Each structure stands twice: as C-alpha cells, then as structure tokens.
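J.: got a predicted model here, sequence first, then my questions.
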Amino acid sequence: VCSSDLFKGVIKYQGSVRIDGRLDGEVHAEGTLYLGEQAVITAKITAQTVISKGQVTGNITAREKIQLLAPAVMDGAVFTPSLLIEEGVQFNGTLEMNKTPPPEQGPQTFKLPSEKENESLIPA
C-alpha cells in the first residue's frame, strides 16, 4: 500500500495490492491491482486484473480484466480481454480487447551478417 507520498520506481509483486497514493514508474503484477480514489498513477501497468477508482495516466495491460469504477480517470491505452466502465468514469484513450495481451516491448536485437555473407556483397 502506498500512502499519499510519491513513489517513483518499479513495483513487482505476486498476489493483490492496493495503492492509494501517487506512483510514477511501472507496476508488474501476478495478481490484482486495486487503485483507490486517492491514487494518482503515471505508469505502465501490467497485471492479471486491475480495479481502479483513481487517476491513471499510462498504459494498462490486464491478462484477465479491467474494471474502471467511478470516479476513475483513465488517460492511455488499455489492453484486456474484458473491460467494465462504470457510469461517471472519464476514459480518454484507446482500447484493444484480445484474448492474449500484446508482447512486452523489450530491447530490439538485430542479427549481423557473418563474414561469409559479407564476402558475397563485395564486388569481385
């Protein structure tokens, strides 16, 4: 549980957690993330389930479902197979509903050609 102080960084956890304060960074969860009415989150969120009454700026990827309950404010992209938006919620962003979440964007790696492949590129 985060209080009213600002937490900056990456949170990784298993199980359920509730945030009622300010967070700037990333949240990676293997369970349910509850965001209380006082939560002000600027982050990339990945979780099994996200239930929010707070303010989120960033992208949310939920493997199971997302519930946005009044007076929640969501500014960003949402990726989930199941979404509930209660009357009174402000949703400004995009929604993609797939059975499988998008792959995590990690560092890009490129294969360099071998010397033998390079030899064929050099004119004789």
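T.: Done, it's in.

J.: CA only for contacts and neighbour counts going forward, please
T.: Fine.

J.: quick one: strands adjacent to the lengthiest strand in the chain?
T.: Secondary structure of the chain per DSSP state E: the longest strand is strand 40-52. According to DSSP bridges, strand 40-52 forms sheet pairs with strand 22-29 (parallel), strand 32-35 (parallel), strand 55-57 (parallel), strand 60-68 (parallel).

J.: for residue 78, give me its contacts.
T.: 59-61, 93-96 (CA atoms under 8 Å, 6 or more residues apart in numbering).

J.: meant to ask about residue 27, not that
T.: Contact analysis of residue 27 by CA under 8 Å, 6+ apart lists 10-12, 43-47.

J.: ok, back up a step: tell me the buried residues within the contacts of residue 78.
T.: With burial judged by 16 or more other CA atoms under 10 Å, the buried subset of the contacts of residue 78 is 59-61.

J.: can you add pLDDT and distance to residue 86 and give those residues back as CSV?
T.: CSV is the format used below for the buried ones among the contacts of residue 78 (pLDDT from 0 to 100; distance: CA to CA, whole Å):
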residue, pLDDT, distance to residue 86
59, 97, 19
60, 97, 17
61, 96, 19
